[in-house]
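In: Provide a 3D model corresponding to the input given below.
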Amino acid sequence: MLGTELYAAGQADPRPDAVAPWEEAAGYTVNLSKGFTPLNAEHYPVEEGQALLDFRDPVKNRQEMRQLLFGGFERCLYGRQRFDVNPERRFVIVVERDTDVLMWYKPGRNDFQIYYGDESGYEPDFVVETRTGRILCETQTFRRPAR
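Out: Just a heads-up that it's a prediction; the model follows:
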């Protein structure tokens, strides 16, 4: 269900150059090099007088997205979140509606130590737990290659 809804949401993008391609894994090697790090619940402290915005409401000035603090979640691990870009907020709308999703979470910096290649770090946009597994999710906008 989540995959179907995300595909439909991607297809609903009005821009003709937006697509949702799939990537195939070329292979990987697991190397456990560090121990457990507890998650930090206070990635998004509330400033004096700062109101939580409902994540379902459209954002008028998307240039201020990173400064806005959102709430109203039912399936989020934490009660408040910030989003880097509007597609992240839209992704959460889909995730929150999906009954197969048990919980989701937007990791903060250094919550995960996932390294690849020459020790470059990878930080997923979201972690989503469904009835059947856990998924690392990216919400980047993909564009069709020029022809």
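In: Give me the below-cutoff pLDDT ranges for the chain.
Out: Judged by pLDDT under 70, the chain has its weakly predicted residues at 1-36, 40-46, 117-119, 141-147.
In: Apply 80 and report the result again.
Out: Along the chain, segments meeting pLDDT under 80 span 1-50, 109-121, 140-147.
In: phi, psi of Gly121?
Out: Per-residue torsions, Gly121: phi -80, psi 150 (degrees, to the nearest 10).
In: tally of neighbours for it?
Out: Gly121 has 11 neighbours, counted by other C-beta atoms under 10 Å. All C-beta atoms are positioned from the backbone trio N, CA, C, and that covers glycine.
In: so who does it touch?
Out: Gln113, Ile114, Tyr115 (C-beta atoms under 8 Å, 6 or more residues apart in numbering).
In: Show me which of those is closest to Phe91.
Out: Ile114 (19.6 Å; C-beta to C-beta).
In: and the longest helix for this protein?
Out: helix 86-97 (DSSP state H).
In: Going by neighbour count, list what's buried in it.
Out: Pro87, Glu88, Arg89, Arg90, Phe91, Val92, Val95, Glu96 (16 or more other C-beta atoms under 10 Å).
In: Please look at Phe83 and Ile93 and confirm they touch.
Out: No - in this structure, Phe83 is not within contact of Ile93 by C-beta atoms under 8 Å, at 11.0 Å.
In: Format the buried residues of helix 86-97 as JSON lines; extra columns: distance to Phe126.
Out: Below are the buried residues of helix 86-97 laid out as JSON lines (distance: C-beta to C-beta, whole Å):
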{"residue": "Pro87", "distance to Phe126": "11"}
{"residue": "Glu88", "distance to Phe126": "8"}
{"residue": "Arg89", "distance to Phe126": "11"}
{"residue": "Arg90", "distance to Phe126": "12"}
{"residue": "Phe91", "distance to Phe126": "7"}
{"residue": "Val92", "distance to Phe126": "8"}
{"residue": "Val95", "distance to Phe126": "7"}
{"residue": "Glu96", "distance to Phe126": "12"}
